[in-house]
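>>> Here is my input; please provide its structure:
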Amino acid sequence: MEPARQQPCPNMDHWPERVDLAAALRWTERLNLHEAVSNHFSLAVNEDGTRFLMNPNQVHFRRIRASELLLLDANDPDTLNQPNAPDATAWGLHSAVHRHCPHARCAVHVHSIHATVLASLADSNLPPIDQNTAMFFDRCVIDENYGGLAFEAEGERCAGLLGDPKKTVMIMGNHGVMTIGSTVAEAFNRMYFFERAAETYIRALQTGRPLRVLSDEVAESVASEVEVYDNQAARHLNELKAILDEEGSTYAT
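Below you'll find the model as predicted:
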């Protein structure tokens, strides 16, 4: 078996970024946060964020390889007419984000169970009832106007909700969740912890008992501290890549 980190094409651009994105996709499947051959992750690779990597159309997350990630231009109107075109809804959503939100270097979109349950409630706010939920205090924007599959018009509308760089999670009402970050590690780590936070909240609601909600001051302190805490997101992804490498995974080929 060829080494997991061997680059198969000597002229492959953006190789470290490809490896990180492929690893995040593989691990998302392992956590069962994917949905069949739907859901997409994207990563900007140029300064203004308009050229981006994304997983190919209808390839299962478990089989994603770094070398097979698509390199797309958010400003190319002919993208969907080209060979190996991306999924049309993925293009609609992610190209709009990368055209309009240069701070959203990486965008992770999933229909994970607990985040989607939260997005299905009439009130999709996530109150700070523990440390994980407090991480997202005043960091979420809620889309309350779902209009159907995320083709280009819907994608443009969703991207318009991400203008504030502080809002790093979009709770997509009746749909799912998108997390953004400056790196794959940030966006993936945010998605991981948001799903955990949503699960805690949903399970707490199921008890039918009153919630112990943290004050705004404590919640903001937690959220601010986590954002700068010990480079945790990068360490998290590095550990996951190390496990994949030890297993002989093909993600980095």
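>>> what bits of the stretch 51-200 of the chain have low per-residue confidence?
Of all residues in the stretch 51-200 of the chain, none has pLDDT under 70.
>>> And the strands in it?
Using DSSP state E, counting those that start in this stretch, the strands of the stretch 51-200 of the chain run over 51-54, 70-73, 106-110, 140-143, 169-172, 176-181.
>>> What ranges does this protein have for its helices?
For the chain, the helices defined by DSSP state H cover 15-30, 88-100, 113-120, 131-134, 152-159, 184-206, 216-227, 232-246.
>>> quick one, which of those is nearest to residue 61?
Nearest to residue 61 among the helices of the chain is helix 15-30; the distance by C-beta to C-beta comes to 3.6 Å. Where you see a C-beta, it was placed from the backbone N, CA and C, and this is true even at glycine.
>>> can you pull the contacts of the residue nearest the centre of the chain?
The centroid of the chain falls nearest to residue 108 when counting by C-alpha atoms, centre = their mean (1.6 Å). By C-beta atoms under 8 Å, 6 or more residues apart in numbering, the contact list for residue 108 reads 24, 28, 41, 178-181, 187-188, 190-191.
>>> Just send the helices of the chain back as TSV, with distance to residue 62 too.
Below are these laid out as TSV (distance: least, C-beta to C-beta, whole Å):
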stretch	distance to residue 62
helix 15-30	5
helix 88-100	18
helix 113-120	18
helix 131-134	27
helix 152-159	26
helix 184-206	16
helix 216-227	30
helix 232-246	11
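>>> mind listing what residue 71 touches?
Going by C-beta under 8 Å, 6+ apart, the list of residues near residue 71 reads 13-14, 45, 51-53.
>>> how about 7 Å then?
Counting by C-beta atoms under 7 Å, 6 or more residues apart in numbering, residue 71 makes contact with 51, 53.
>>> Kindly report the same for residue 139.
Residue 139 touches 166-169, 223, counting by C-beta under 7 Å, 6+ apart.
>>> Just the buried subset of these, please.
When burial is judged by neighbour count using 16 or more other C-beta atoms under 10 Å, the buried members of the contacts of residue 139 are 167-169, 223.
>>> coming back round to it: out of the strands of the stretch 51-200 of the chain, nearest to residue 60?
Nearest to residue 60 among the strands of the stretch 51-200 of the chain is strand 106-110 (14.0 Å), distances taken as C-beta to C-beta.
>>> CA atoms only: put that closest one into PDB for me.
Output in PDB follows, covering the C-alpha atoms of strand 106-110 (Å, rounded to 0.1, in the frame of the first residue of the first chain):
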ATOM      1  CA  CYS A 106     -14.100  26.900   4.900                       C
ATOM      2  CA  ALA A 107     -17.800  26.100   4.800                       C
ATOM      3  CA  VAL A 108     -19.100  22.800   6.200                       C
ATOM      4  CA  HIS A 109     -22.700  21.900   5.600                       C
ATOM      5  CA  VAL A 110     -24.400  18.800   7.100                       C
END
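>>> Check which residues of that strand are buried.
Across strand 106-110, burial judged by 16+ other C-beta under 10 Å covers 106-110.
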